[in-house]
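Visitor: please find the sequence and the predicted model below.
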Amino acid sequence: MMEYAWLVPLFPLLAFILLIAFGKQLKEGSAYIGILATLASLVVSLGVWMERINGSDLVRTDWDWLKIGDNVIRIGFEINPLNAMMLVVVSLVSFLVHIYSKGYMHGDDRFPVFYQYLGLFTFAMLGLVISPNLLQVYIFWELVGVASFLLVGFYFYKPEAKAAAKKAFIVTRIGDVGLFIAIALIYWYTSSFEYDVIFSAVTTGTIPAGMVTLIAILIFIGAVGKSGQFPLHTWLPDAMEGPTPVSALIHAATMVAAGVYLVAATYPLFEASHAALLTVAFVGGFTAIFAASIGLVQNDIKRVLAYSTVSQLGYMMLALGVGGYVAGVFHLFTHAFFKALLFLAAGSVIHALHTNDINEMGGLGKKMKWTSAFFLIGALALAGVPPFSGFFSKEAILAAAYEKNMLLFVVAVIAAFFTAFYMFRLFFLVFTGESRNKHAAHESPMVMVAPMFILAILAVVAGFVNTPWGTYLGDWLNTNDSLAGIELHEAHAPLWTAVLAVAVALLGILLAYLIYAKRSISREFISKPMPWLYKLLLNKYYVDELYNILFVKSLRGLGLLLQYFDRYVVGGLVQLVVSITTGIGALHARIQNGQVQMYGAIVIFGLTLLLAGLTLVVKGVIG
Amino acid sequence: MSGEFIAFFVLAICIFAGAVFMLFMNNVVHMVFSIAFTFLSIAGIYVLLQAEFVAVVQVIVYTGAISILAVFGIMLTRHDGKEEEKKRSGHTIFALLVVVAFIGLIIWSVQGAPWGDHAADYDQMQNTKEIGKALFTQYVIPFELTSVLLLVALVGSIILAKEEDKSE
Amino acid sequence: MTVSLVSYLLLAAMLFGIGLFGALTKRNAIVVLFCIELMLNAVNINLVAFAKYGVNANITGQVFSLFTITVAAAEVAVGLAILIALYRNRATVNVDEYDTMKR
């Protein structure tokens, strides 16, 4: 089955093509094509995964694609444990989102277009994870960015959606430049893009140590862009302008995970450079607490989840940075499920109430039983309460941080507290209490509830693949031959770290309960004495405004400058040529005035020139 | 400082004066007078060059006939006596520059050329006799042709200047 | 200081220049005709000077100048006739007005 892994991306591509051709006629029937394609991908992915679990060797097939002189660029696919896991995650979440969208997007005029874009995205993401070389990764990386742009800007008639789509593309593009430079540098030193060649070059020292650090950091910059780490995080909250299934698929489970996947897939490069690992860890840790603090005060349900995603991705980067490869990948795995679940539940609420503002929600627990139950499960998983999956993966991260860097450990714990707090603030405000909503709430149709149900089950059980008692995932990932023999170390921390993690989570939940459910502490117990803090957090630390001044305005100014340069200098030169030509023409027009005297003068002038020439020739001055 | 030199100098001044005044006078008839003066001075130059016959012919033909013709021409056409207001200074400057360049070139070429120092000796000959000898032996054909030319010119000018028949 | 060929040639050249300038610049047609006569006279001075001082000095120069004078006379006659005909058509002797060659 593993030899057929190349089929996995092709099913969604086929759906994309078919929907372009027949989407208009099919209308809402397009959903079936998308669902069937992703189902097929899921089946093949499961088959591949199972085969890989049974411990086959690395499967890798590639073909010559471009021959440039002596260099050959290849394309193909590779299956290692990391890939196989990603294939399942991506195709599963995509499949569930396809089903959910049939209900969510019902009645939209551009229904088939939505499924086209979903198909394109799924194709790109699946292609990305099975790429065996960096160039192919880059191609699919960009394609994923394009699909994200299309999907975020789906409601293009809204100016905010248009702006958000542009912002998403441009900000991730900034990160992509880093990745591109890294690939170029790698090719410079090793003349290849293939993972195995690169990794052996690192170990044999073909690439100098400083250069390895630089390359690793540049790759990380690409990941920063795609995974929304600080300082390139600003696009992710704005990308919530897209439809909620898009947020669930792209901005929770898959595209943003591509950054983490990239760092994991090129891990030998990072392992070889202590400085790069440190950078990854600190950027991740800072982002985790930074985003969590912003999420504390946001009023839009999707934005809270978006900042939560940024924060959790920070956790994953933190884990990878402190050497917890397994912890990071594990958290990627579990986060995909519970975050997608949370987004789908949020979408269910938005679909019922036609608003995103949590202050207009409340008391939905009675009217939307399934949604609130699933949301609760997702929230518990995210907060890290055992026995839900989030507990195990978060605990693994904390253990890795504890072993390597106490500062990061403390940061992670505080961020865990914030996480629990804001998730349950959300839960209590939306699902408990009196109803503040303007529309009557009703449960969503089965086609939207069923995917949530499956994700909820996974959010519960997915954690058991790697517990302190049975590190199945860790051992399996260790069989990854493409990691060039790096031993993936499993961190072991004293038991009190786990207890601390749970205690902190429960404390967060308790505080949220007291403030938002029981109202024993006022909502404004921080914001009243320190209104500046509240404003700072509400305005996302003014990062967007800072970027506006630093970059947007200055680039606009530069653009204006260049426009003036073009208009007056370049245009002026062209105009000058025109004026000269016209001037010469006008001058000569004055000579042709029909008067003999003028003609006579010209004749004498010509005669003088001729004579002068002849005289100078005879005298030997010229030629 | 021989007499020849003084004579040449004076005659040259007269020629230039006449020519320049001709250019800058306003009244056409005054112009005719100054150019007649120039022609006379040129006749003087011819005498200096020992070409007496040519000098006399110059006086008869130029100062006499051509100047009178010009006066007749002025009489038959109307001149307002004043120049039109339309300035064409660009043209004037251009023409001035061109002429200066042209004449400058000629002067420069003439100055540098090796002309030699000999002079023909006409002291012993009679100018008219020599001209007659050359004209009627060596150059008799151009002489005859010139007479035809004069005839043609005469007839042509009459036809050109004739009034168109109003009856036709 | 002797008077040599060069002085006569220079005299003639400058006279020619004055005549040329007048021919190209003056507005009155009759004045243009006079200036042409000046140019011809300058040529005559040259010819007669070469007859005396030239490289191959003989009487031919003076004979040549006689012919030039004749032709100049004929030319003045014809020129004036043309002028009168033009004046009859255009009622002006201003050369500026004679610009039918413009188009």
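Guide: Yes, it's here.

Visitor: residue ranges with poor pLDDT in the chain?
Guide: Answering for chain A, as no chain was given. Residue ranges of chain A with pLDDT under 70: A:1-2, A:55-58, A:469-470, A:480-493, A:521-523, A:525-527, A:622-623.

Visitor: you answered for a different chain; I wanted chain C.
Guide: Those would be C:1, C:103, if you go by pLDDT under 70 across chain C.

Visitor: which bits of it sit near chain A?
Guide: C:20, C:23-25, C:32, C:95-96, C:98-103 (C-beta under 8 Å from any C-beta of the partner chain). Using the backbone N, CA and C atoms, a C-beta is placed for each residue, glycine as well.

Visitor: next one: chain B
Guide: B:90, B:91, B:94, B:95, B:98, B:99, B:101, B:102, B:105, B:106, B:108, B:109.

Visitor: repeat the analysis, applying 6 Å as the threshold.
Guide: Proximity of chain B to chain A (C-beta under 6 Å from any C-beta of the partner chain) is limited to residues B:95, B:98, B:101, B:102, B:105, B:109.

Visitor: tell me the pLDDT at the fifth one?
Guide: It refers to residue B:105. With respect to pLDDT, residue B:105 has a value of 92.

Visitor: for whichever helix or strand it is part of, packing partners?
Guide: If you go by DSSP states H and E, residue B:105 is part of helix B:89-112. Where contact means 3 or more C-beta pairs under 6 Å, 6 or more residues apart in numbering or on different chains; DSSP states H and E, helix B:89-112 is packed against helix A:596-619, helix C:5-25.

Visitor: where in chain B is pLDDT low?
Guide: B:79-86, B:165-168.

Visitor: now do the strands in it.
Guide: Ranges of strands within chain B: none, based on DSSP state E.

Visitor: middle-most residue in it, spatially?
Guide: residue B:39 (6.2 Å; C-alpha atoms, centre = their mean).

Visitor: re earlier: in a markdown table: the helices and strands packed on helix B:89-112, plus distance to residue A:590 and mean neighbour count.
Guide: Output for the helices and strands packed on helix B:89-112, formatted as a markdown table (distance: least, C-beta to C-beta, whole Å; neighbours: other C-beta atoms under 10 Å in any protein chain shown):
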| stretch | distance to residue A:590 | mean neighbour count |
| --- | --- | --- |
| helix A:596-619 | 9 | 15 |
| helix C:5-25 | 15 | 22 |
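
Visitor: endpoints of stretch B:68-88, how far apart?
Guide: Terminal residues of stretch B:68-88 lie 31 Å apart, using C-alpha to C-alpha, to the nearest Å.

Visitor: is the helix or strand containing residue C:47 positioned near chain B?
Guide: Per DSSP H and E, residue C:47 falls inside helix C:29-53. Yes - in terms of C-beta under 6 Å from any C-beta, part of helix C:29-53 sits within range of chain B, namely C:30, C:31, C:34, C:38, C:41, C:48, C:52, C:53.

Visitor: what residues are up against residue A:497?
Guide: A:398, A:402 (C-beta atoms under 6 Å, 6 or more residues apart in numbering or on different chains).

Visitor: can you rerun that using 10 Å?
Guide: A:395, A:398, A:399, A:401, A:402, A:403, A:409, A:412, A:413, A:491 (C-beta atoms under 10 Å, 6 or more residues apart in numbering or on different chains).

Visitor: then residue A:195?
Guide: Taking C-beta under 10 Å, 6+ apart as the test, what residue A:195 contacts is A:60, A:78, A:80, A:131-134, A:137, A:265-266, A:268-269, A:482-484.
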